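Enquirer: with the input below, show me the fold.
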Amino acid sequence: MSTAQQDASAPAAGDAETSEAAGHNESGGFVVTLENFSGPFDLLLGLISKRKLDITDVALAEVTDEFIAYVTALRAEQSLDELSNFLLVAATLLDLKTARLLPRGDVDDELDLELLEARDLLFARLLQYRAYKAVSAVFAEQMAHAATRTARSVPLEEGLRDILPPLEITATPQVLAAIYATVLQRDHTPPTVSTDHLHLPQISVAEQRTVVLTRLGQHGQLTFSDLIADAESTMVVVARFLALLELFKAGMCDFDQPAPLGELTVVAAEAADLATIALPDTDEWDAPTPADDEEPT
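Expert: Residues are numbered from 1 along each chain as shown. Next up is the predicted model:
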């Protein structure tokens, strides 16, 4: 009887014996104990892939039960990788065993070919799993070997520390003189910030509304660009736009914009409609004028 079989048959006494019964071996891998096989799980996969052990002779239910006991004995963070690998391999073995056990009856050559391809695919998955396991072992060995190394930090020798490389000047005196003359020609006046924008005159929306009405009465329709073509400042543009909103609200004009973000065309209302609409001399956009007896704050 092998060591794995003796450990599996020994009575559980304490945490160590429980761990052995759950499927541990000295290397910490998963050990399978069946009627016709006892050893590491990877060895079982190798025998199946090499056709030295028939998949129909392997009790997958017993393998699953032993693996569950093995994972339970481990900590959660240690068993995640092994659990995912076991699920993949167990599903592959189950498909392979199902294909071998289920009767197929009389089938044609095409179906036989498909079954052979499916069987070869299952064996290819087992071989791929073994290849990944081998590569991961190589990576682990290289990482462990690299962990023992450290970079050598050596300062520069004192004899070489004071040696300067030769200085090579490629610019001619004429080039240096031209660069210096360019620097002297620059404007070295410190920048100033204008305060004219702090004292802009107030723009009356009512006055700009009259301007818009006059031009619409003359032309019938105008683009917004034409309406603000003679604006002296941004405040005039804003005032005329607010005047257009008031005229549209009063039904004295309409807007036409064929495309999103396209040119905005302002169309005047009919002359009969304009005669029936009365607008106040002031509007909500104009700031109130302080009374004569009020002192400015």
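
Enquirer: shaky segments in the stretch 51-200 of the chain?
Expert: Low-confidence segments of the stretch 51-200 of the chain (pLDDT under 70): 51-127, 196-200.

Enquirer: at 90 what do you get?
Expert: Residue ranges of the stretch 51-200 of the chain with pLDDT under 90: 51-138, 140-141, 144-171, 184-200.

Enquirer: per-domain residue ranges of the chain.
Expert: 3-146, 204-275 (automatic domain parsing).

Enquirer: in the host helix or strand of A181, which residues are buried?
Expert: A181 is part of helix 173-184, with elements assigned from DSSP states H and E. Buried residues in helix 173-184, counting neighbours by 16 or more other C-beta atoms under 10 Å, are absent. C-beta here means a position set from N, CA and C on the backbone, and glycine is covered the same way.

Enquirer: just checking, what packs against the following helix or strand past it?
Expert: Scanning forward in sequence from helix 173-184 by DSSP H and E, the next helix or strand is helix 205-219. Judged by 3 or more C-beta pairs under 8 Å, 6 or more residues apart in numbering; DSSP states H and E, helix 205-219 is in contact with helix 234-249, strand 265-268.

Enquirer: as TSV, those with distance to D226 and mean pLDDT would be great.
Expert: Formatted as TSV, these follow (distance: least, C-beta to C-beta, whole Å; pLDDT from 0 to 100):
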stretch	distance to D226	mean pLDDT
helix 234-249	11	90
strand 265-268	9	89
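
Enquirer: I'd like the ones you listed as a markdown table, with mean neighbour count and distance to V183 appended.
Expert: As requested, the helices and strands packed on helix 205-219 are exported to a markdown table (neighbours: other C-beta atoms under 10 Å; distance: least, C-beta to C-beta, whole Å):
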| stretch | mean neighbour count | distance to V183 |
| --- | --- | --- |
| helix 234-249 | 17 | 38 |
| strand 265-268 | 18 | 54 |
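
Enquirer: with distance to F255 added, can I get the ones you listed in TSV?
Expert: Shown next, in TSV, are the helices and strands packed on helix 205-219 (distance: least, C-beta to C-beta, whole Å):
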stretch	distance to F255
helix 234-249	7
strand 265-268	6
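
Enquirer: to G159, which of the ones you listed lies closest?
Expert: G159 sits nearest to helix 234-249 of all the helices and strands packed on helix 205-219, at 70.2 Å, using C-beta to C-beta.

Enquirer: hmm, who's touching whichever helix or strand comes after that closest one?
Expert: Downstream of helix 234-249, the first helix or strand assigned by DSSP H and E is strand 253-256. Strand 253-256 is contacted from outside by L216, Q221, L244, L247, F248, L264, T265, V266, V267, A268, A269, using C-beta atoms under 8 Å, 6 or more residues apart in numbering.

Enquirer: farthest-apart pair in those, please.
Expert: For these, the farthest-apart pair by C-beta to C-beta is L264 and A269; their separation is 16.5 Å.

Enquirer: what's the burial count for L160?
Expert: Using other C-beta atoms under 10 Å, the number of residues around L160 comes to 7.

Enquirer: wait, Q221 sits on A269?
Expert: No: the criterion here is C-beta atoms under 8 Å, and Q221 misses it with A269 at 10.8 Å.

Enquirer: those two: who's more crowded?
Expert: Using other C-beta under 10 Å, the more surrounded residue of Q221 and A269 is A269, with 17 against 13.

Enquirer: CA atoms only for stretch 147-158 - export them in PDB, please.
Expert: Extracted C-alpha coordinates of stretch 147-158, given in PDB (Å, rounded to 0.1, in the frame of the first residue of the first chain):
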ATOM      1  CA  ALA A 147      14.000  36.700  -5.800                       C
ATOM      2  CA  THR A 148      17.400  35.800  -4.500                       C
ATOM      3  CA  ARG A 149      19.100  38.400  -6.700                       C
ATOM      4  CA  THR A 150      19.700  42.100  -6.100                       C
ATOM      5  CA  ALA A 151      21.200  44.800  -8.200                       C
ATOM      6  CA  ARG A 152      24.700  45.800  -7.400                       C
ATOM      7  CA  SER A 153      25.000  49.500  -6.600                       C
ATOM      8  CA  VAL A 154      28.500  50.800  -7.200                       C
ATOM      9  CA  PRO A 155      29.300  54.600  -7.200                       C
ATOM     10  CA  LEU A 156      31.500  56.100  -9.800                       C
ATOM     11  CA  GLU A 157      35.200  56.000  -9.100                       C
ATOM     12  CA  GLU A 158      36.700  59.200  -7.800                       C
END
